[in-house]
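In: pasting the structure only:
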């Protein structure tokens, strides 16, 4: 009885991991394609280049979503629309302020911390696709970084990084380095520097000091992302501590953040 019931479960788990892996491969492939082709219209309209990139990320997101079903309880999916709205609203507001930060992954990080890497990555993917379709096509090209931020939050939570405030901040600083490295080439090669008012100002200042656009954007991205992710991880820690136990009990990864 136990053997027969465990076999389908094992098979489903294997299929789920394969689907998540394929989804990640599609997203990485789309990201590399964006860098290689450098579509000039990606930031201005939803033309063929933007739609092609969006379809690549959408396919990757669908595969990750399908694979994630085995790991994400149904109650977790109720968090994702709220998290997406949080990402988009904060991202739009902060992008118009003269500060070199983003704060557009707080929702993804919260979902990752509470429900795991797959759910966090899925939230990041859906956030950027919805954001790109409704408000700004330029965000579509940064979907790989959005997925990474959500997944990394889940990995950090699994290691117990959110048990203490200082470890959460350190985890955010660490996550910010690869996050900045992922976003820098897109910002430099496709958009000629930072897109937001604050980030664009930093890139312009560094260029005025004599740096090439790629070097200026990389420095800006690494600096902004490390601070941004440290702040977001701190906010996630504080939100996690303020949530009632009835909600945390429904979050499968919340147990990793208890002292």
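Out: Thanks, I have it. All of these numbers come straight from a predicted model, not from anything done at the bench. Numbering: from 1, shown residues only.

In: low-confidence ranges, the stretch 151-259 of the chain, go.
Out: 193-195 (pLDDT under 70).

In: cutoff 90 now
Out: 182-201, 204, 207, 211-216, 245-252, 254, 258-259 (pLDDT under 90).

In: so which residues of it form helices?
Out: Secondary structure of the stretch 151-259 of the chain (DSSP state H, counting those that start in this stretch): helices at 165-189, 197-208, 213-242, 245-248.

In: run through the neighbouring helices and strands of the last one.
Out: Spelled out, that is helix 245-248. Applying 3 or more C-beta pairs under 8 Å, 6 or more residues apart in numbering; DSSP states H and E, we find helix 245-248 packed against no helix or strand. All C-beta spots, glycine's among them, are computed from the backbone N, C-alpha and C.

In: and that helix, what's buried?
Out: For helix 245-248, burial by neighbour count (16 or more other C-beta atoms under 10 Å) applies to residue 248.

In: hmm, who's touching it?
Out: In this structure, residues lying in contact with helix 245-248 by C-beta atoms under 8 Å, 6 or more residues apart in numbering are 114, 240, 254.

In: same question for the second one.
Out: Counting by C-beta under 8 Å, 6+ apart, helix 197-208 makes contact with 94-102, 187, 193-194, 213, 215-217, 219-221, 223-224, all of which sit outside it.

In: next one: the strand or helix carrying residue 11 to chain centre, how far?
Out: Assigned by DSSP states H and E, residue 11 falls within helix 2-37. Between the centre of helix 2-37 and the centre of its chain there are 18 Å (C-alpha atoms, centre = their mean, to the nearest Å).

In: taking helix 165-189 as reference, get the angle to that helix.
Out: Interaxial angle, helix 2-37 versus helix 165-189 (axes from the mean of the first three to the mean of the last three C-alpha atoms, to 10 degrees): 40 degrees.

In: what is helix 2-37 packed up against?
Out: Applying 3+ C-beta pairs under 8 Å, 6+ apart, we find helix 2-37 packed against helix 48-68, helix 117-134, helix 143-158, helix 165-189.

In: with mean neighbour count as new columns, can these be given to me in a markdown table?
Out: Putting those into a markdown table (neighbours: other C-beta atoms under 10 Å) gives the following:
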| stretch | mean neighbour count |
| --- | --- |
| helix 48-68 | 20 |
| helix 117-134 | 26 |
| helix 143-158 | 28 |
| helix 165-189 | 20 |
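
In: would you list those helices in a markdown table and tack on distance to residue 19?
Out: Output for the helices and strands packed on helix 2-37, formatted as a markdown table (distance: least, C-beta to C-beta, whole Å):
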| stretch | distance to residue 19 |
| --- | --- |
| helix 48-68 | 3 |
| helix 117-134 | 10 |
| helix 143-158 | 15 |
| helix 165-189 | 22 |
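
In: wait, which of the ones you listed is closest to residue 86?
Out: Checking these against residue 86 by C-beta to C-beta gives helix 117-134 as the closest, at 8.7 Å.

In: give me the angle between that closest one and helix 143-158.
Out: Per the same axes, to 10 degrees, the angle that helix 117-134 makes with helix 143-158 is 150 degrees.

In: helices or strands next to helix 117-134 in the packing?
Out: Helix 117-134 sits against helix 2-37, helix 48-68, helix 79-95, helix 106-115, helix 143-158, with contacts defined as 3+ C-beta pairs under 8 Å, 6+ apart.

In: same question for stretch 98-112, mean pLDDT?
Out: The average pLDDT within stretch 98-112 is 95.

In: straight-line length of it, end to end?
Out: 28 Å (C-alpha to C-alpha, to the nearest Å).
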